[in-house]
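J.: the following block contains a protein sequence and its predicted model.
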Amino acid sequence: MKNITIAFALFTAVLLTAGFVSQHNIDTLITRETTVDSLGACQGVSRQGNRIFLYGDREVGIIREYRWQQDSLVYLGKEYRLTVNDQDVIGHPTGIAFNGSNKVFIGNSIRLNKEGTQWKAVIYQVNWPGLQKTGTLDGNLISTIDDDACIQGTRPEYVKYGDKWYVATADYGDKGNEVRLYDPEKLANCSKTSEPGVLYKKFTCTPWVQNLHWVADKGVLILIQNQVEGRRWRLTFVDLKKSVKMGTMQVIKQVDINTRMDELEGFTLLNAGKGIAVTSSRSKNVNYTLTNW
């Protein structure tokens, strides 16, 4: 019995070290699949109150605005082109960091070779009300930040750690992946994220993170992932506080949705249970979900 107890303790320690804390009874199901046009390959979704913003990489980077009404998205006829002087600037938007009171940042991945094996990550600070008023980045692009502290890619999302807001981001590649927390004030006033004081904390995570979603009332950061590169859906529910403390992600629950083989790009909760998941597919690219906690 003593040997069994010791073995169990060692097994538990291994799981904790690997970042697997406890598999709570969390599940996410697709309740309805729909197709939304004019997005190009949809890259993500941002909920701001009862307004929903879908963003994609059409002929230029674009954001389209919707309202949540009777369990469906209603297009408001508002489209924002991420251009300056009609030139594409944020061509592959990968996240919108918005919390209603701080500066707004939009991520971008820039392809450096035709094979798509080399990318540059950039974060843009934008005048969000101005962008919505004029419909372009002309006069609304505040600063351009080279996210050179990243390993592969950037996908900004506001999170709260302690009593302070930070801009979290993560990598997409297959090795060395991290979630990083940037100080938003330092981020807003730097030219690259490797400058002193910009990076506050970081922790390691598993591969293929496409986007992040912060669940404030639960202290949970959801890693929106693919199970393999560019394919199959995965949502990983992470305890942010414990992850920062341990230096590696502390998993509450990993949910694999194996009914879909395409590329999950973004996810947001509309309330405690209902959510929206988006993909880069031409059809069934906007999906309604139900998360049971």
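T.: Arrived safely.

J.: residue 29 - that's part of a strand, no?
T.: Yes - assigned with DSSP: H, G, I helix; E, B strand; the rest coil, residue 29 falls within a strand.

J.: I'd say it and residue 288 touch.
T.: No - if you go by C-beta atoms under 8 Å, residue 29 and residue 288 don't touch, sitting 9.9 Å apart. Where you see a C-beta, it was placed from the backbone N, CA and C, and this is true even at glycine.

J.: out of these two, which sits in the more crowded spot?
T.: residue 288 (18 against 12; other C-beta atoms under 10 Å).

J.: secondary structure element holding that one?
T.: Here residue 288, judged by DSSP states H and E, is contained in strand 286-292.

J.: check what pLDDT residue 117 gets.
T.: According to the prediction, residue 117 has pLDDT 62.

J.: how about the one 5 residues further on?
T.: For residue 122, the model assigns a pLDDT of 97.

J.: give me every residue that touches it.
T.: Taking C-beta atoms under 8 Å, 6 or more residues apart in numbering, we find residue 122 in contact with 107, 108, 109, 110, 144, 145, 146, 147, 154.

J.: can you tell me how far it is from residue 232?
T.: According to C-beta to C-beta, to the nearest Å, residue 122 and residue 232 sit 28 Å apart.

J.: same deal with residue 87?
T.: Distance of residue 87 to residue 232, computed by C-beta to C-beta: 35 Å.

J.: neighbour count for these two, which is higher?
T.: Taking neighbours as other C-beta under 10 Å, residue 87 and residue 232 compare with residue 232 leading, 19 against 9.

J.: next SSE after the helix or strand the more buried one falls within?
T.: If you go by DSSP H and E, residue 232 is part of strand 231-239. Using DSSP H and E, the helix or strand that follows strand 231-239 in sequence is helix 240-246.
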